[in-house]
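In: Sharing a model prediction with you, sequence too.
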Amino acid sequence: MSQSILPTAQKPISNRRDSQVMLSRVANSLYWMSRYIERSENVARLLDVNLQLMLDFANFNDDQLKEHWLPILCSAGDEETFFRLYEKADSESVTEFLTFHEENPNSIISCLFAARENARQVRDQISLEMFETLNECYLFLKSKNARQVWQSGAHEFYEQIKQYSHLFQGLTGSTFTRNEGYEFINLGKFLERADKTTRILDIKYHILLPSVADVGGAVDAAQWQAILRSASALEAYRRFHVEDIFPNKVAEFLIFSTTFPRSIRACMQHLDEDLHRLSGKEHREYKSPEERAFGKLISDLNFITIDEILDSGLHEFLQKIQITLDRLDDHIYQEYLYHPPVDTQAEILLHQQQMQQQQ
Amino acid sequence: MIPHISHAEPKEAEVPWTEPLLLSISHLTRYTYEGAVQDSFNEARLQPVSDALQQCQNFRFLIDPASSVRDYPDFYSNCVHYFDVPEPHEELEVIAKSEVQTLPEMRGPVAETGADSLKDHSIKEQHFDFLYASEFVSLGADVWREAVDALPNGLDTVWASTIAIGEHIHGNYKYTPLATNVNTRASEVIKKKQGVCQDFAHLMLGICRTHGIPARYVSGYFLNQHKLPGEIEASHAWVEVFIPGYGWKGYDPTHRRETDTRYVKLAVGRDYGDIRPVGGTFRGRGTRNMVVEVSVQRLS
């Protein structure tokens, strides 16, 4: 009489940092805390640069102003909310909307409040320094002082916001324990950064479709330079391309650079590493359709050239990246952050296995 | 005469088979649950016995989701396979496959032991469990009345009485699938006058015990060579009575015959409740569906 039994399922080989269990709720808060801070920094930079750019175009009429600011609104996807609240899109209304308006979920103030709220929910998981930075930022934004600083010189205000973000991200690197939570913080940061870089680059597609006379002219150069500065990429770009600022070179740099930490490709490589650490899969192995689409996009970036992208449409290409990142975000949510509601009834109820009648 | 309804309805009174058979048996049980369930702890009594009448030559026990299995003998020395599935699962499949060589009765003709021998106290003590009421077999007035009707002239020899009881059940009860369910008790069967093998076995246990004959429930399979098309096969049940000076002897009231080489025994107990083929508990919303597929094939 012999008896054989199916082998028990093999334990997956894991390359995680440790196997400590983390609550989905905690992962969710860390992820969004990180995303919101990165988002606020990008909005601050974008507004700062564009306000400065306006100094060069002081004689813009209303239509031209609208033409300048609308794409910035569009890039954040908030134009609908905006026109519900404001009549015309000029420097003041757009910056006000993107900075202080609490009804705009993507305004700097909304983002940082949300970041601080997320941090508060996982206060026990992050360092004192991290929380205090966010809290200080929160108190600053709530105070009257914030508006005063902004009104007396928007540049100083945005500088302050960027510094909170830099300080927070630096403190995360130097005080946060390297456990799974760190991966979630990184996922949030790099996903947001990659997305924002695509949007900053896409603004050029919206506005900076110049009239024929302007192509290659001073206006064009100033605007492409503004794009680089919006991504903190001007100095890094200059190291590669000492001469003029050419549109295709700027796009190439912001998409393909492997060394510049805000390029789309660099961000995606970071995302890739963190995703693999979380899923425990081998390098270049992807476990869901969303991850595979993401992996495919990374491979595409290794082979496609900027000329091909410009030929087939920069906007379409950037949109494709945004969609892939959006789906990846969905996947991260479903896989790690979402905990389906527990049916306590089903958890508790004890049943007898149904019996078979002998006939 | 009762109309023939299903396979279990016997043909003419048969001569017991004495030809040794090699039988291949497969018994699948599949539970589909309402959503995911967890913490499932189960016992199965699906391994054929090896004794003087049958040799289990090969036995494979498969669980899906994969789970480790351990086995131990229960109070009546049946082999029990225990397994648990703690993680959430929506389906549980239990497959038992075996090859069994059945052997003819070698003890010779059944001893003609008189019923008086059952009054021996040592026999009563030894077979206490099989002489009194159990979960499915009550020994109330209804069973007693049925017992009197079954043997109007009182007890003869133990074996002759057993056969008479079996004939009584077979003659007065109708084989009707779905008229009863797995929880039907012997007293309900008396009311309904119909049932399936499980019910007939329970009723026969009640009548035998009322007359002081130690009787136990047997779960198993039998080679059914007169299958109707589309007929569902399930596991079978019959009884064994204790004949002093001879031992336990099987009788199948559903087919009005003593058990022979077509029968394969899995386990014995006081009634179905002791030896359900698969039983256990789990946490979850409940069971949506249960599928049981049994096949018994003759290899040689």
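Out: Nice, thanks for sending it over.
In: what sits against residue 159?
Out: No chain in the question, so chain A it is. By CB atoms under 8 Å, 6 or more residues apart in numbering or on different chains, the contact set of A:E159 is A:D48. (C-beta placed from N, C-alpha, C; glycine too.)
In: Oops, wrong one, chain B.
Out: B:V110, B:A111, B:E112, B:T113, B:V241, B:I243, B:Y246, B:K249.
In: helix, strand or coil for it?
Out: helix (DSSP: H, G, I helix; E, B strand; the rest coil).
In: got the contacts of B:W159 as TSV, with secondary structure columns?
Out: Formatted as TSV, these follow (three-state DSSP):
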residue	secondary structure
B:V110	coil
B:A111	coil
B:E112	coil
B:T113	coil
B:V241	strand
B:I243	strand
B:Y246	coil
B:K249	strand
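In: top of those by neighbour count?
Out: Using other CB atoms under 10 Å in any protein chain shown as the neighbour criterion, B:V241 leads the contacts of B:W159 with 26 neighbours.
In: before we move on, the earlier item: in CSV, list the contacts of B:W159 along with distance to B:I207 and pLDDT.
Out: Putting the contacts of B:W159 into CSV (distance: CB to CB, whole Å; pLDDT from 0 to 100) gives the following:
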residue, distance to B:I207, pLDDT
B:V110, 19, 90
B:A111, 21, 89
B:E112, 20, 91
B:T113, 18, 91
B:V241, 11, 96
B:I243, 16, 95
B:Y246, 20, 93
B:K249, 16, 95
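In: just curious, which of those is nearest to chain A?
Out: B:V241 (18.5 Å; CB to the nearest CB).
In: Show me how far stretch B:40-51 is from its chain's centre.
Out: A distance of 13 Å separates the centroid of the chain from that of stretch B:40-51, by CA atoms, centre = their mean, to the nearest Å.
In: buried stuff in that stretch?
Out: B:S40, B:N42, B:E43, B:A44, B:R45, B:L46, B:Q47, B:P48, B:V49, B:S50 (16 or more other CB atoms under 10 Å in any protein chain shown).
In: Can you show me the CA trace of it as CSV?
Out: Taking Å, rounded to 0.1, in the frame of the first residue of the first chain, the C-alpha atoms of stretch B:40-51 are listed here in CSV:
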residue,chain,number,x,y,z
SER,B,40,-10.4,24.2,6.6
PHE,B,41,-9.7,21.1,8.7
ASN,B,42,-10.7,17.7,7.3
GLU,B,43,-10.8,14.0,7.8
ALA,B,44,-11.2,11.5,5.0
ARG,B,45,-12.0,7.8,5.3
LEU,B,46,-11.3,6.8,1.8
GLN,B,47,-8.5,4.1,2.0
PRO,B,48,-9.8,0.6,1.3
VAL,B,49,-9.2,-1.9,4.1
SER,B,50,-6.7,-4.7,3.8
ASP,B,51,-8.0,-7.9,5.4
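In: quick one: which of the buried residues of stretch B:40-51 sit in strands?
Out: Per DSSP state E, strands hold the following members of the buried residues of stretch B:40-51: B:S40, B:N42, B:E43, B:A44.
In: which of these come close to chain A?
Out: Contacts with chain A within these, as defined by CB under 8 Å from any CB of the partner chain: B:S40, B:N42.
In: Format the ones in strands among the buried residues of stretch B:40-51 as CSV; extra columns: pLDDT and distance to A:D300.
Out: Output for these, formatted as CSV (pLDDT from 0 to 100; distance: CB to CB, whole Å):
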residue, pLDDT, distance to A:D300
B:S40, 93, 46
B:N42, 95, 51
B:E43, 95, 56
B:A44, 96, 53
